[in-house]
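1. 3D, please:
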Amino acid sequence: MKYIMLVGDGMGDYPLPELDGKTPLAAARTPYMDWVADNGEMGTVKTIPDGCETGSDTANLSLMGYDPRRVRTRRGPLEAASLGVVLEPNDVAFRCNLVTLNQEGSGMVMGDYSAGHISDEEAEDIIREVNQAVGNGTFRFYPGVGYRHLMVWKGGSATVDTTPPHDITGQPIRPYLDKMSSQKALLDVMDRARPILKDHPVNKRRVEKGLRPANGIWLWGQGHAPEMMSFEEKTGLKGAIISAVDLLRGIGVYAGLHVIRVPGATGYFDTDYEAKARYALEAIEDVDFVYVHVEAPDEAGHAGLLDEKIRAIESFDAKVVGNVLNGAKTLSAYRLLVTTDHNTPLSVRTHTTEPVPFAMCGTGVPKSSDKRYSGFSEKSATERSIQISDGYRLMTHFLGS
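-> Numbers count the residues shown, from 1 in each chain. Next up, the predicted model:
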């Protein structure tokens, strides 16, 4: 049996007046996800346990069959694993965003958590210079992808109240810096980086082109290296993961999955959806399980862009779900599951904790007889009989064990 899980990050949302009370997922044209829902099982799964942070690390650990309440980690260490950075027991890894900070009155406002979705090449130049000027034996910076980077604090403390920058877009940053005041060394690092960023040639060129400068770094998502049982130990299956996001790749590293890097996969609206599907179908020939993650709907949710979110959902459906579904049908025995990790509603522009829809089809999966609501949407899923309250149990249900 072959198993394929397709995850459209942040697809879930709330009903919108401009869509006549539909969500973007319900309004989008999704014939392939609809087919999976109408020719197999559908329901909801709660991927964010009560009391856990509403992060993609929490949600995707759940989907991969790990209980986030037992795997003690945050996204910084996971992203370190993706970058090949080995953490010592006393090291603390922080996610380091390149951000745009705007001066408003006497204070600074979080203008853009992604510095205008700065390119890999521009960001690498900036992060390397920050490391040379600010880094030392205690703090070290590592370039990642786009605006997403890493800082390791050797012998540091993870006990500090940090905030994801995408949660505070348009808000004054002072209250969130004050929350970090228990670790003044971190505030000092962020302060020391600003003049370097302000005068950096990359930012001067971006400003000349009318683009947002990366004039600040923002530290968050800190933690120590986790201890995790491998996916193969848990399930007996050899697996692979496809994602453009270091967080997901890092989970894959700790889970012992083969991390597949797809050329043209960007983690943004311009990602090569079809290449991800093609690589997934090639991978499933050699492994038992493939996890395919697409970031674009989540980015649209954080940015509050309705048209982009619908476009990303439709691209995920047509170019990933459709191609993988058609390819999977040629296998002798397969199961395919489509879901999202969490909601990223346009109205709040951050992650929320509601249960999310999933649908699965394939060998041995009974076809639902409940036709009150057809298609793949939040409402259809809520009306179905399968409601999984512990997200990590979805994997067991999917594998049929």
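2. Enumerate every residue touching Tyr334.
-> Residues in contact with Tyr334 (CB atoms under 8 Å, 6 or more residues apart in numbering) are 1-4, 284, 328, 362-363. (Each C-beta comes from the backbone N, C-alpha and C, glycine too.)
3. In this protein, which strand is the longest?
-> strand 92-104 (DSSP state E).
4. before we move on, back to that, sort out for me which of the contacts of Tyr334 are in strands.
-> Using DSSP E, the contacts of Tyr334 in strands are 2-4, 362.
5. So which of those is the closest to Glu79?
-> Nearest to Glu79 among the ones in strands among the contacts of Tyr334, counting by CB to CB, is Ile4 at 24.7 Å.
6. about what we covered before: and the longest strand of the chain, how far out from the chain's middle?
-> Mean-position distance between strand 92-104 and its chain equals 18 Å (CA atoms, centre = their mean, to the nearest Å).
7. That one pairs with which strands?
-> The partner list of strand 92-104 in its sheet, established with DSSP bridges, is strand 107-112 (antiparallel), strand 148-153 (antiparallel), strand 216-223 (antiparallel).
8. got the contact list for the longest one?
-> For strand 216-223, contacts defined as CB under 8 Å, 6+ apart pick out 55, 57, 72-77, 79, 92-101, 108, 110, 113, 130, 149, 151, 153, 158, 160, 162-165, 180, 186, 189-190, 193-194, 197.
9. please redo it, this time with the cut-off set to 6 Å
-> For strand 216-223, contacts defined as CB atoms under 6 Å, 6 or more residues apart in numbering pick out 73-77, 92, 94-97, 99, 101, 158, 162, 164-165, 186, 190, 193.
10. do the same with stretch 304-316
-> Under the contact criterion CB under 6 Å, 6+ apart, stretch 304-316 has outside partners 8, 11, 24-25, 28-29, 269, 273, 294, 296-297, 300-301, 346, 349.
11. got the buried residues for it?
-> By neighbour count with 16 or more other CB atoms under 10 Å, stretch 304-316 contains the buried residues 305-306, 308-316.
12. List the contacts of the nearest residue to Gln183 once chain neighbours are set aside.
-> Excluding the flanking residues, the one nearest Gln183 by CB to CB, 6 or more residues apart in numbering is Val160, at 4.4 Å. By CB under 6 Å, 6+ apart, Val160 lies in contact with 180, 182-183.
13. Quickly find the element holding Val160.
-> Using DSSP states H and E, Val160 sits within no helix or strand.
14. which two from the contacts of Tyr334 end up farthest apart in space?
-> Maximum pairwise distance in those, criterion CB to CB, is 13.5 Å, between Ile284 and Thr363.
15. more neighbours, those two?
-> Counted by other CB atoms under 10 Å, Ile284 and Thr363 do not tie: Ile284 has more neighbours, with 21 against 15.
16. quick revisit: just among the contacts of stretch 304-316, which is most surrounded?
-> If you count neighbours using other CB under 10 Å, the busiest of the contacts of stretch 304-316 is Met11, which has 35 neighbours.
17. Okay, and the beta partners of that one?
-> With DSSP bridges as the rule, Met11 is bridged to Asn343.
18. how many neighbours does the closest residue to Thr353 other than its chain neighbours have?
-> Ranked by CB to CB, 6+ apart and with sequence neighbours excluded, the top spatial neighbour of Thr353 is Ile48, at 4.4 Å. Residues contacting Ile48 under the criterion other CB under 10 Å number 23.
19. need the strands paired with strand 92-104 in JSON lines with mean neighbour count and mean pLDDT, can you?
-> Output for the strands paired with strand 92-104, formatted as JSON lines (neighbours: other CB atoms under 10 Å; pLDDT from 0 to 100):
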{"stretch": "strand 107-112", "mean neighbour count": "19", "mean pLDDT": "96"}
{"stretch": "strand 148-153", "mean neighbour count": "24", "mean pLDDT": "97"}
{"stretch": "strand 216-223", "mean neighbour count": "24", "mean pLDDT": "96"}
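20. hang on, the earlier thing: pipe the ones in strands among the contacts of Tyr334 into TSV and attach distance to Lys204 and neighbour count per row.
-> Below are these laid out as TSV (distance: CB to CB, whole Å; neighbours: other CB atoms under 10 Å):
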residue	distance to Lys204	neighbour count
Lys2	51	19
Tyr3	50	26
Ile4	46	27
Gly362	54	23
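21. any idea which of these is closest to Met229?
-> Closest to Met229, out of all of the ones in strands among the contacts of Tyr334 and judged by CB to CB, is Tyr3, at 18.0 Å.
22. one step back: filter the buried residues of stretch 304-316 down to the ones in helices?
-> Counted as lying in helices by DSSP state H, out of those, are 306, 308-315.
23. so which of these comes closest to Gly65?
-> Of all those, Ile313 has the smallest distance to Gly65: 25.1 Å, by CB to CB.
24. Find the nearest non-adjacent residue to the closest one, please.
-> Excluding its sequence neighbours, the residue lying closest to Ile313 (CB to CB, 6+ apart) is Ala28, at 4.3 Å.
25. What segments of the chain are strands?
-> Using DSSP E, the strands of the chain run over 2-8, 41-45, 92-104, 107-112, 139-145, 148-153, 216-223, 239-242, 258-260, 289-294, 334-339, 356-362, 386-388.
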